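Q: structure for the following, please:
(one chain, ligands or ions: 1)
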Amino acid sequence: MATNGYEGGLKMIEELTTNAEQIQDQELGEILSRNAGTEYLRGFLHGQTEKQLFKKHVPIVTYEDLKPYIDRIANGETSDILVAEPVTGFYLRHFGDINQAGKRMELMFARPEIETPSGLKAASVSTSIYNESKFRTNLPKLYTSPIETIFCPDPNQGLYCQLLFGLIQRDEVVMVGSLFASTVLRGIKFLENHWQELCYDIKTGRLSDWITDSGCRNAASLIMKPNPEQADLIESICNYKSWEGIIRKLWTKARYIGCICTGAMRQYTTELEFYCRGLPLVSAFYACSEAFCGLNLEPLCKPCDVSYTLLPNVAYFEFLPVKNERDESFEMKSNDEDTELVDLVNVKAGQCYELVVTTCAGLYRYKVGDVLMVSGFYNNAPQFQFVERKNVLLSVDQEKTSETDLFKAVTEAKALLDPLGFILTEYTSYVDTSSAPGHYVLFWEIKGKEGKHCKELDPKIMVECCSRMEESLHYTYKIYRKRNIIAALEIRVVKQGSFEALMDYFVSKGTSLSQYKKPSCIKSEEALKILDSRVIGTYFSPKPPL
Ligand code: AMP
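A: Sure thing, here's the model as predicted:
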């Protein structure tokens, strides 16, 4: 592992984190001097580039504020509206590259590029990476998936082939993963349903007929030959009643599972840990459409302890203080502009902030929408734990329930299932206001360990889960619930595969399977219908919490 490139990378991290303040100032200086003449910045800075003026005059914005400017560029107006250099394309969503050694069985899915009215290309950043010539050149050496399987227009055919090639080359695989934890689990579930067929293909050296994509078929013809011994080995592993540790058993040389397990993905860690038994889960980086923000410098730490070190040379970072549950004394000013943004090197340990970025791609003081908590410093660069997406997830009246509040309550409630041999594999939420007063609805997909069926679950336990959730929610919720401003919390148990159907729906609407993040709260009618049509049991909290 200790190559020159690896050591060079470590040295660079030392330099960047030690000189964080200077590098941030240089970064801002460069962005402003390059773009001072753009229509957007001229409106606030009139050609000036001083940091003080930037801090005083450039407003904090969200996507909605910038949308009119972006739309004008997409429609063909000259692009020095936001950025001095010509805009050659858009990232629909952005993700940076991870540069680690070894042959990886990484599930990757490109989405077709779309064109803006003026002919500019817009693609998900993972797609853009998969299109880079360097990635394509290195692919056969570093990954088990041929490019055709990544670009296969049908994600199911692509997934089948990626698992197939990952299994065929299983002796070379040193890492199993995907961008996000949910995609790895999707892969495992797909394997549960298709392993016999995959083994048959490996045994005979022939690809199943339903894989009609010509790219995948060509790629297969180059790799596949009959291998009955390998097929028998895989079959004997998959035939085991319990799939505990299946990833480790199938890919015996894998050193770790690489996928983001923090933020909205932390709900998947228990299930992933079950399948990888003992292999570390590594969340290597924190990145968003706007910038590749930070690296996890302690990749082997537990998912719940992961911190990301923000790299001062990728963007100019500012931080909007956010009320921390533990900090009752914190007073948020009524509007963002009155709250002073804090520079990267001046954030305080233990404090939560919303991330605001200024980038060379034309975003100035842009709110990413993520809340981070400072967990410490590496040299002079702060390290952050990902807290949540900044939005109120559920609200019936004046109460605000965040992603974190919900996660905590679900964690408390699902603990009732574990000793009975059931696992909560997926959940999402929604506020039902079809009757008054409105109430919180949780959709739960539950799986029985060792062949148990979730129909065997005692309804009393589910009612208890509803109560436990209500008890675990915050003070305001409980008060409103007691006063009947909010009605009883409801859990709707959905049948196996419902959340896969939800994912399929979003993917069919254009979401990239690689970058899919299940909504923590259902907002669309269609999505709601998908889950509601698969409900196999509904349970209500019997009385308000104490
Ligand atoms: P996208 O623009 O599709 O690449 O998604 C970016 C968003 O994914 C970020 O703004 C975060 O909300 C989330 N995200 C990315 N990396 C992480 C991470 N390491 N931990 C938690 N959430 C993350």
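Q: report pLDDT for the residue of the stretch 151-300 of the chain found nearest the ligand.
A: Nearest residue of the stretch 151-300 of the chain to the ligand, counting by Cβ to the nearest ligand atom: residue 263, 2.7 Å away. For glycine as for every other residue, the C-beta is placed from the backbone atoms N, C-alpha and C. Note on residue 263: pLDDT of 88.
Q: my read: it touches residue 385, true?
A: No. With contact taken as Cβ atoms under 8 Å, residue 263 and residue 385 are classed as non-touching, separated by 9.6 Å.
Q: circling back to that earlier point, and the residue of the stretch 151-300 of the chain closest to the ligand, how many neighbours?
A: By other Cβ atoms under 10 Å, 25 other residues sit near residue 263.
Q: now do the helices in the stretch 1-150 of the chain.
A: For the stretch 1-150 of the chain, the helices defined by DSSP state H, counting those that start in this stretch cover 4-18, 20-35, 39-45, 51-57, 63-74, 125-131, 133-142, 147-150.
Q: which strands or helices does the second one pack on?
A: The reference is to helix 20-35. Here helix 20-35 touches helix 39-45, helix 51-57, strand 316-322, going by 3 or more Cβ pairs under 8 Å, 6 or more residues apart in numbering; DSSP states H and E.
Q: one more time with 7 Å, if that's ok
A: Other helices and strands packing on helix 20-35, by 3 or more Cβ pairs under 7 Å, 6 or more residues apart in numbering; DSSP states H and E, are helix 51-57, strand 316-322.
Q: most tightly packed of the ones you listed?
A: Comparing those by mean neighbour count (mean count of other Cβ atoms under 10 Å), strand 316-322 ranks first with a mean of 24.
Q: can you name every helix or strand that that one contacts?
A: helix 20-35, strand 342-343, strand 352-358.
Q: mind redoing it with 10 Å?
A: helix 20-35, helix 51-57, strand 291-295, strand 342-343, strand 352-358, strand 366-378, strand 381-389 (3 or more Cβ pairs under 10 Å, 6 or more residues apart in numbering; DSSP states H and E).
Q: for the third one, the distance to its chain's centre please.
A: Okay, so that is strand 291-295. For strand 291-295, the separation from the chain centroid amounts to 14 Å (computed by Cα atoms, centre = their mean, to the nearest Å).
Q: just the longest one next, same as before
A: Its chain's C-alpha centre lies 29 Å from the corresponding centre of helix 20-35 when counted by Cα atoms, centre = their mean.
Q: now do the shared contacts for residue 263 and residue 385.
A: Residues within reach of residue 263 and of residue 385 at once, by Cβ atoms under 10 Å, 6 or more residues apart in numbering, are 286, 306, 371-372.
Q: picking up where we left off before, now the helices and strands packed on strand 316-322 as JSON lines including distance to the ligand and mean pLDDT?
A: Formatted as JSON lines, these follow (distance: least, Cβ to the nearest ligand atom, whole Å; pLDDT from 0 to 100):
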{"stretch": "helix 20-35", "distance to the ligand": "20", "mean pLDDT": "95"}
{"stretch": "helix 51-57", "distance to the ligand": "23", "mean pLDDT": "94"}
{"stretch": "strand 291-295", "distance to the ligand": "8", "mean pLDDT": "89"}
{"stretch": "strand 342-343", "distance to the ligand": "19", "mean pLDDT": "96"}
{"stretch": "strand 352-358", "distance to the ligand": "8", "mean pLDDT": "96"}
{"stretch": "strand 366-378", "distance to the ligand": "5", "mean pLDDT": "94"}
{"stretch": "strand 381-389", "distance to the ligand": "4", "mean pLDDT": "93"}
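Q: turn those into CSV, columns for distance to residue 226.
A: Shown next, in CSV, are the helices and strands packed on strand 316-322 (distance: least, Cβ to Cβ, whole Å):
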stretch, distance to residue 226
helix 20-35, 56
helix 51-57, 65
strand 291-295, 43
strand 342-343, 62
strand 352-358, 53
strand 366-378, 49
strand 381-389, 47
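Q: which one of these lies closest to residue 223?
A: Counting by Cβ to Cβ, residue 223 lies closest to strand 291-295 out of these; the figure is 32.1 Å.
Q: what angle do that closest one and strand 381-389 make?
A: Calculated by axes from the mean of the first three to the mean of the last three Cα atoms, to 10 degrees, strand 291-295 forms an angle of 110 degrees with strand 381-389.
Q: up against the ligand, what does the stretch 151-300 of the chain have?
A: 260, 262-263, 283, 286-289 (Cβ under 6 Å from any ligand atom).
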